[in-house]
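S.K.: Starting from these lines, generate the structure:
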Amino acid sequence: MLKYTSIFLVLVSSLALAQDDVIVTDSTTNSTVNSKTETTLKSPPASAITPTINTSNSDLCTFGVAGAVQTQILGISTGTQFTDENCERLKNAKTLFDMGMKVAAVSVMCQDERVFKAMMHAGTPCPYNGMIGDAARVGWETDPGEEEKEMSNEKKTLFGASSVGALLLLLLL
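M.R.: Next up, the predicted model:
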């Protein structure tokens, strides 16, 4: 066994001597790196956001209309509020009726051309200068210009509102 141990030690010592003869190679590299980076940021224009028009109260006779248009260059937003005259008429007539002013309530409702014609066809004409019944019918028949004058005011208001709407539409296009 001693023999094997001595052979083993001779082999290990020769391996240790072989490690002293390691070859080392040095390599040196010189390099220069030139880099130029250019970044172009293209972002869209700010958005045209429609304004919020709050008309959620059920007791109001108004409604909101809003809109926005956005192009690559320009953004436009607008909004407005409209009054529903028929809603106001109904509320006013109900309030007058609740206060016991029945003739005044009917007079308010008669400002609508459809109601006026319906009352005439039903044989119960709208009140005319404080007169009711047949006296009101005679008053309306002798002075039909009063009815036309009241109805023409509503048509003028409707024409004005539609003109403003058309102008807004043209601006948005």
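
S.K.: who's in contact with Asn86?
M.R.: Asn86 sits next to Asp112 when contact means CB atoms under 8 Å, 6 or more residues apart in numbering. C-betas here are computed from N, CA, C, even on glycine.

S.K.: so what's the backbone phi/psi at it?
M.R.: The phi and psi values for Asn86, taken as degrees, to the nearest 10, are phi -70, psi -40.

S.K.: Following element in sequence after the worst-scoring helix or strand of the chain on mean pLDDT, please.
M.R.: Scoring the helices and strands of the chain by mean pLDDT, DSSP states H and E places helix 2-18 at the bottom, with a mean of 54. Once the chain leaves helix 2-18, the next helix or strand it forms, by DSSP states H and E, is strand 62-70.

S.K.: Which SSE is immediately downstream of that next one?
M.R.: For strand 62-70, the following helix or strand on the C-terminal side (DSSP H and E) is strand 75-83.

S.K.: Which neighbours in the sheet does that following strand have, and how are they oriented?
M.R.: Applying DSSP bridges, strand 75-83 is found paired with strand 62-70 (antiparallel).

S.K.: what's the average pLDDT for the partner strand?
M.R.: Strand 62-70 carries an average pLDDT of 80.

S.K.: show me where pLDDT drops low in the chain?
M.R.: 1-22, 24, 44-45, 51, 53-58, 144-173 (pLDDT under 70).

S.K.: Domain parsing of it, as residue ranges.
M.R.: As assigned by automatic domain parsing, the chain contains the domains 45-83, 85-172.

S.K.: now those domains in JSON lines, with distance to Thr29?
M.R.: What follows is these, written out as JSON lines (distance: least, CB to CB, whole Å):
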{"stretch": "domain 45-83", "distance to Thr29": "51"}
{"stretch": "domain 85-172", "distance to Thr29": "67"}
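
S.K.: Pick the most deeply packed of these.
M.R.: Ranked by mean neighbour count, the domains of the chain are led by domain 85-172 with a mean of 14 (mean count of other CB atoms under 10 Å).

S.K.: Leaving out the residues flanking it, which one is nearest to Val65?
M.R.: Nearest in space to Val65, with sequence neighbours left out and distances taken as CB to CB, 6 or more residues apart in numbering, is Thr80 at 5.8 Å.

S.K.: For Thr29, see how far away Ser35 is.
M.R.: 18 Å (CB to CB, to the nearest Å).

S.K.: circling back: from what I see, the residue nearest to Val65 and Thr62 are in contact.
M.R.: No: between Thr80 and Thr62 there is no contact, the gap being 10.1 Å when judged by CB atoms under 8 Å.
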